[in-house]
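Q: Turn this into a structure:
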Amino acid sequence: MWTTVLLSAALFVSTEVQVNLLQGDPVAGSISTLNSQEITLTGKAGDTRHALDQLQSIVFTHQAAPVKDATTLITLHDGSSFHAKSITLAGEKCTVVIGDAQSFICRADSVRDIQFKSLTDEALQQYQQIIAADSAEDILIVQRQSGAIDQLEGIVEAIDGEFVTFNFGGDKIPVEIAKLAGIRLVKPANKETAKSLCRITDTSNNVWQVSQLKLVSEDQELQAKTCTGESLTLKLSELSRLDFASNNILYLSDITPEALEWTPFLSGNLIRKRLSKVYEPRMDISVDGTPLMVGTESYSKGISIHSRTVMSLRLPDTYSKLQMDIGIDPSMNGRGHVELTILGDNKQLFQDFVAGSDKPRTLDINIAGVRRITIKVDYGKNLDIGDQLNMGNARLLK
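A: Here you go, the predicted model:
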């Protein structure tokens, strides 16, 4: 009996996570239970239960090695996107091999597009324009030897091995995948997607939009259902984070600015044009493309703003609180001095100076009744040297 108990305990490995709440400090512990309604954590103070609609995210503390050699990128109609080692499509069924021990089966009409190779910035922009455009048929996206992107409308009938079978005007043509940038599949008019419960990101940067989830403790797996209706099983050891789609929270970085103006310290149109791409606000990353940092904390959501910037955001709904953690980007090495002003419907809600030598600060601003927020990051005492203000978890709460 004791042998059985000890063996079971040895096989069960607790999964340590940090749960970030909408309100209050983060909570750390191991996952005891997790379903579509709540999570139970076991920590030093015992068990605590948290409703999922009160969570920002669940972050896994382990670091698993990402899956390599998966160059094909598949995107579903619900926004899920994941890398694949191989893919076959026949009739209504699509089978994807993601890793050595992981596969995913879905309906062919759940797939929005399949990108077969990495593309240059220019080619990727052309590819994304094709994906975003309306079309009554499937699209074969061809990459010429020059690198240019071209397209052809027809019907994708199959994908098998190294070829895509493409029906063009009644002729079935086998096209080498090596010659393709990708394919776009037409979305059926009656295709519906469920409301997202959360977004799951794994250590290989695969992203899944799911409507249901359930922890299977004995197998250390998470069973989920995508918003397109497919079943999905993920190993806890390969998960990075779960971000929750709450109706009670909206991140500023997810709002398209109504107005945005950046003014360089040195005047002149030529200087402005050259530097605008460098110093315009960055959403969810720092100015140099690395994770957004405030002090020693890293944030997956937020805004990085250089002086002098004025950004106005129209709120799509009514909210009661504006919250964020602010500080000069740590990479500025203590430099930087800005004046931060936040307006609500042209009335001042906050104004103060932020220096690179300051400790991180948390803002909690009442915005009841406000429909437009304006954020001004102005020059401080040191011209614009090091004036890179980071706003971690800048968000609106109902």
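Q: just how off-centre is the lengthiest strand in the chain within its chain?
A: Scanning the chain for the strand with the most residues, using DSSP state E, yields strand 149-160. Relative to the centre of its chain, strand 149-160 is centred 28 Å away, using Cα atoms, centre = their mean, to the nearest Å.
Q: dump the residue contacts of the closest residue to residue 361 other than its chain neighbours.
A: Leaving aside its sequence neighbours, residue 361 sits nearest to residue 326 (Cβ to Cβ, 6 or more residues apart in numbering; 5.4 Å). Any C-beta I mention is one placed from the backbone N, CA and C, and that applies to glycine too. The contact partners of residue 326, taken as Cβ atoms under 8 Å, 6 or more residues apart in numbering, are 294, 340, 354, 360, 361, 362, 363, 389, 390, 391, 392.
Q: Which parts of this structure are helices?
A: Remark: helices assigned in the chain by DSSP state H are 2-11, 121-132, 269-279.
Q: got the CA positions of stretch 36-51 in CSV?
A: Coordinates of the C-alpha atoms in stretch 36-51 are reproduced here as CSV (Å, rounded to 0.1, in the frame of the first residue of the first chain):
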residue,chain,number,x,y,z
SER,A,36,-13.8,26.9,-17.2
GLN,A,37,-15.1,28.6,-14.1
GLU,A,38,-12.3,28.7,-11.5
ILE,A,39,-8.8,27.8,-10.4
THR,A,40,-7.7,26.3,-7.1
LEU,A,41,-4.1,27.0,-6.0
THR,A,42,-2.2,25.3,-3.2
GLY,A,43,0.4,27.6,-1.5
LYS,A,44,2.0,28.3,1.8
ALA,A,45,-1.2,29.6,3.2
GLY,A,46,-3.2,26.6,2.0
ASP,A,47,-5.8,26.4,-0.8
THR,A,48,-7.2,29.5,-2.5
ARG,A,49,-9.9,29.6,-5.1
HIS,A,50,-10.2,32.3,-7.8
ALA,A,51,-13.0,32.8,-10.4
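Q: Which of the residues in that stretch are classified as buried?
A: The neighbour-count check on stretch 36-51 (16 or more other Cβ atoms under 10 Å) flags 39, 40, 41, 50 as buried.
Q: same check, this time on stretch 290-307
A: For stretch 290-307, by 16+ other Cβ under 10 Å, it's 292-295, 299-307.
Q: go on, stretch 113-133?
A: Going by neighbour count (16+ other Cβ under 10 Å), the buried part of stretch 113-133 is 113, 114, 115, 116, 119, 123, 126, 127, 130, 131.
Q: got the end-to-end distance for it?
A: End-to-end distance for stretch 113-133, by Cα to Cα, to the nearest Å: 12 Å.
Q: Residues touching that stretch, excluding its own?
A: Contact partners of stretch 113-133, identified using Cβ under 8 Å, 6+ apart, comprise 71-75, 87, 112, 139, 141, 143, 147-149, 151, 159, 177, 180-185.
Q: Let's see that with 6 Å instead.
A: Applying Cβ atoms under 6 Å, 6 or more residues apart in numbering, the contact partners of stretch 113-133 are 72-75, 141, 147, 149, 151, 177, 180-184.
Q: Okay, domains of this structure per the record?
A: Structural domains assigned to the chain are 13-61+198-246, 72-184, 250-397, following automatic domain parsing.
Q: can you tell me the average pLDDT over the second one?
A: Going back to what we said before, that points to domain 72-184. Averaging pLDDT along domain 72-184 yields 92.
Q: which non-adjacent residue is nearest residue 324?
A: Using Cβ to Cβ, 6+ apart and skipping residues adjacent in sequence, the residue nearest residue 324 is residue 394, 3.9 Å away.
Q: Hmm, residue 322 and the one you found touching each other?
A: No - in this structure residue 394 lies outside contact range of residue 322 using Cβ atoms under 6 Å: 7.8 Å.
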